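Asks: Pasting a predicted model and its sequence here:
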Amino acid sequence: MYHMEGTIMAESTQNGKDPKKTLRQSFNAKRNEARFRRHSDYSATEYSDMMKMYEGTLGDLTEHEIITGRVVLVNDDEVSIDIGFKSEGIVPRSEFANIEGLKAGDEVEVYLEKVEDTDGKLLLSRKRADFMRIWDRIMKSYENQDILKAKVSRRIKGGLVVDLLGLDAFLPGSQVDVRPVRDFDALLGRELDVRVVKVNHPNENVVVSHKVLLEENLAGQRQEILAKLEKGLVLEGVVKAITDFGVFVDLGGVDGLVHITDLSWGRVNHPSEVVKLDETIKVVVLDFDEERRRISLGLKQLTSHPWDQIDEKIAVGSKITGKVVSLTDYGAFIEIERGIEGLIHISEMSWTQHVKHPSQVVSLGQNVEVQVLNIDKDEKKISLGMKQLEPDPWSELMQKYPIGSIHKGAVRNLANFGVFVELEPGVDGLVHISDLSWTKKLRHPGEVLKKGQELDVIVLGVEPDQRRISLGHKQLNMNPWDEFAGDYSVGSETEGTIVRIIDKGVVIELPQGVDGFIPTSQLASAPVKNIAQFFRVGDQLPLKVIEFDKESKRITLSAVEALKNRSQEQQADYYRQHPVPQSEPAGMSADEAAAVAASVSEAPAPEMPDESPAEAAAPEADDAVVSEENQG
């Protein structure tokens, strides 16, 4: 038996047939023969002859092929088909598209899926036969690169499904057109020429392309365009894509770029302000890089530059209306027309208002009326003004603020050299630091004033051309130095309080509020190397005037000279409070000086302050810049 199996399988292999299938058929035949012989009167020889005669009526059938059969019977559910086999095959009625016209005796093509299944039935398929016939046509067109018709049936993720000879095929979105497709739904129901570009045999999937056919058609046109490209050539194209930096234009298979700066002579924030997708426009070739195949195009170059006729359009002194297109720290740019812009400097926006940023006066997109102040054709610059549309209030200031008139204003800003006082909105005057007080030696106005504080002032001078008003505060009071000349004559004695310690001495406040100065050498009989070590702000000292200068408003004093007329006890007390080393009281004997020195050495050293109250009270100087409109 095993020998017989080996023989059958070997013969099947040599004949190109499935060995297992052949072996199974052989066993079935032997089994049927045994059954037949048990229930019949035929001998073995007669049975063999009869089987040969029967097998001669059967064709040589191969599975998974399309064969032609004859319709035997058509009923409500199925169709019986004779393909020349020992039994008829059954095909579901639903697999026939033209079932109404199908009748017994008609020849039809079917697909032989299996000669015999587990139940011994012959398995046929009309639907599979139709598919295989279409698949063969698609494969031939794929091999020959033929062009086929396909109808767009529906949209799916990534592309479209098309009906290709009755078979669903995939058309990727990137293969629909040479230009980006923005509305795939518009293609539904349309018939397109396509080419099969990919076939997946295991999954029986087909991928087609419409773009490759368009590219082939454009290839010749592309070569023709590239051959004649030159600077200055005007071409017509379609806007293919819009980006932040420019516009890509399809010139007929060749793309060129119009940079955003070449779209218009005017300011363009985004290319979509000038062109739209799929719009047909004319452009001029600006440059062509043959190696990189880069084409630079221009749109604005097709029109003349607006500045060429600037003299005919705008005149100095004329009033025009424009649109605010840009704001900077120093002013606002106004678009007068496409390609022509002017600048309103912040100093030209208001006669009175202190404009720190143009946004205080105008806003982007606002239409404003301006006056042309200057035109520089070579530099393509136009100076504009807004305040010139109104009367200049400074022309009336001489009458409103005559010299000697007294006014009340608010401290607007503090500077090292003085204080700006706002007399009315937009009108400031300057009080120089030397005009704040008759008696105080101020290092900074912040020692006596604060921003926003009200201040009485008197007008000292007005310069309309320079937009400058000089003010004074101390001039509101009589000059006390005439009186001081008698009270603080040279040689007179007084007392004072230390208000500030500096390198060369100390500043003293005298009884009438006037400041005086004590040089370091006049603080003690011995050299004082570190004043703050022995003297503190707030200490009261006996003083003697050694110099009085009315013109310079300076009073110089001396503690050493004052001590000479004091008792030895008073001198000792002074040096006890201010223990300067090797100090010897004036008029003392050596023994008395030694005794004072001994007593001074036992006295505790005074605590040194970190800074004077005046220094602590003085705020930092404000960074102030005198505007040209006010003080220059």
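Replies: Structure received. Numbering: from 1, shown residues only.
Asks: Give me the residue at the spatial middle of the protein.
Replies: Residue closest to the mean C-alpha point of the chain, counted by C-alpha atoms, centre = their mean, is residue 244 at 11.5 Å.
Asks: ok, that residue - contacts?
Replies: By C-beta atoms under 8 Å, 6 or more residues apart in numbering, residue 244 lies in contact with 260, 270, 271. Where you see a C-beta, it was placed from the backbone N, CA and C, and this is true even at glycine.
Asks: where along the stretch 351-500 of the chain do the strands fall?
Replies: 367-376, 381-385, 406-415, 418-424, 427-432, 454-463, 468-472, 493-502 (DSSP state E, counting those that start in this stretch).
Asks: Buried residues of the fourth one, list them for me.
Replies: If I follow you right, that is strand 418-424. 418, 419, 420, 421, 422, 423 (16 or more other C-beta atoms under 10 Å).
Asks: same deal with stretch 75-82?
Replies: Within stretch 75-82, the residues scored as buried using 16+ other C-beta under 10 Å are 79, 80, 81.
Asks: re earlier: now the two most distant members of the buried residues of strand 418-424.
Replies: 418 and 423 (14.9 Å; C-beta to C-beta).
Asks: and the buried residues of stretch 75-82, which of them are in helices?
Replies: Taking DSSP state H, every one of those sits outside helices.
Asks: Out of those residues, which is nearest to residue 524?
Replies: Closest to residue 524, out of all of the buried residues of stretch 75-82 and judged by C-beta to C-beta, is residue 79, at 136.3 Å.
Asks: ok, and the closest residue to the closest one other than its chain neighbours, which helix or strand is that part of?
Replies: Leaving aside its chain neighbours, residue 79 sits nearest to residue 91 (4.9 Å; criterion: C-beta to C-beta, 6 or more residues apart in numbering). In the assignment (DSSP states H and E), residue 91 maps to strand 89-92.
Asks: Give me the mean pLDDT for that strand.
Replies: Taken as a whole, strand 89-92 has a mean pLDDT of 75.
Asks: Below-threshold pLDDT in the protein: ranges please.
Replies: 1-44, 46-64, 86-87, 111, 113-121, 125, 127, 218-223, 582-632 (pLDDT under 70).
Asks: Ranking by neighbours, what's the top pick from the contacts of residue 244?
Replies: residue 271 (23 neighbours; other C-beta atoms under 10 Å).
Asks: Check the gap between residue 523 and residue 529 for me.
Replies: Here residue 523 is placed at a distance of 11 Å from residue 529 (C-beta to C-beta, to the nearest Å).
Asks: Can you pick out the residue with more neighbours from those two?
Replies: The neighbour count for residue 523 versus residue 529, taken as other C-beta under 10 Å, is higher for residue 523 (23 against 10).
Asks: Can you tell me the element the residue nearest to residue 483 when sequence neighbours are not counted falls in?
Replies: In this structure, residue 483 finds its nearest non-sequential neighbour in residue 512, 7.9 Å apart by C-beta to C-beta, 6+ apart. For residue 512, there is no helix or strand it lies in under DSSP H and E.
Asks: Okay, helices next: where are they in the chain?
Replies: Using DSSP H, helices in the chain cover 2-14, 19-38, 44-55, 126-144, 211-228, 310-313, 397-400, 481-487, 531-534, 559-564, 568-577, 590-602, 613-617.
Asks: tell me the contacts of the residue nearest to residue 483?
Replies: Residue 512 makes contact with 439, 480, 483, 484, 487, according to C-beta under 8 Å, 6+ apart.
Asks: now do residue 234
Replies: 282, 283, 284, 285, 302.
Asks: distance of it from residue 251?
Replies: In terms of C-beta to C-beta, residue 234 sits 11 Å off from residue 251.
Asks: Ok, residue 126 next?
Replies: 52 Å.
Asks: What of residue 479?
Replies: 88 Å.
Asks: repeat for residue 214
Replies: 15 Å.
Asks: These two - which one has more neighbours?
Replies: Higher neighbour count among residue 214 and residue 251: residue 251, with 21 against 17, using other C-beta under 10 Å.
Asks: looking at it, that one is touching residue 224, isn't it?
Replies: No: if you go by C-beta atoms under 8 Å, residue 251 and residue 224 don't touch, sitting 10.7 Å apart.
Asks: hey, what's in contact with both of the two?
Replies: Common contact partners of residue 251 and residue 224 (C-beta under 8 Å, 6+ apart): none.
Asks: hmm, back to that, export the buried residues of stretch 75-82 to a markdown table and append columns for distance to residue 45.
Replies: Output for the buried residues of stretch 75-82, formatted as a markdown table (distance: C-beta to C-beta, whole Å):
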| residue | distance to residue 45 |
| --- | --- |
| 79 | 40 |
| 80 | 35 |
| 81 | 35 |
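Asks: Out of those residues, name the ones that lie in strands.
Replies: Secondary structure defined by DSSP state E assigns 79, 80, 81 of those to strands.
Asks: For the contacts of residue 234, which single residue is the most surrounded?
Replies: For those, neighbours tallied by other C-beta under 10 Å; top is residue 283, 26 neighbours.
Asks: who's in contact with the residue nearest to that one when sequence neighbours are not counted?
Replies: Nearest residue to residue 283 in three dimensions, chain neighbours excluded: residue 297, at 4.1 Å (C-beta to C-beta, 6+ apart). Contacts for residue 297 were tallied using C-beta under 8 Å, 6+ apart; they are 235, 237, 249, 256, 257, 258, 262, 283, 284, 285, 286.
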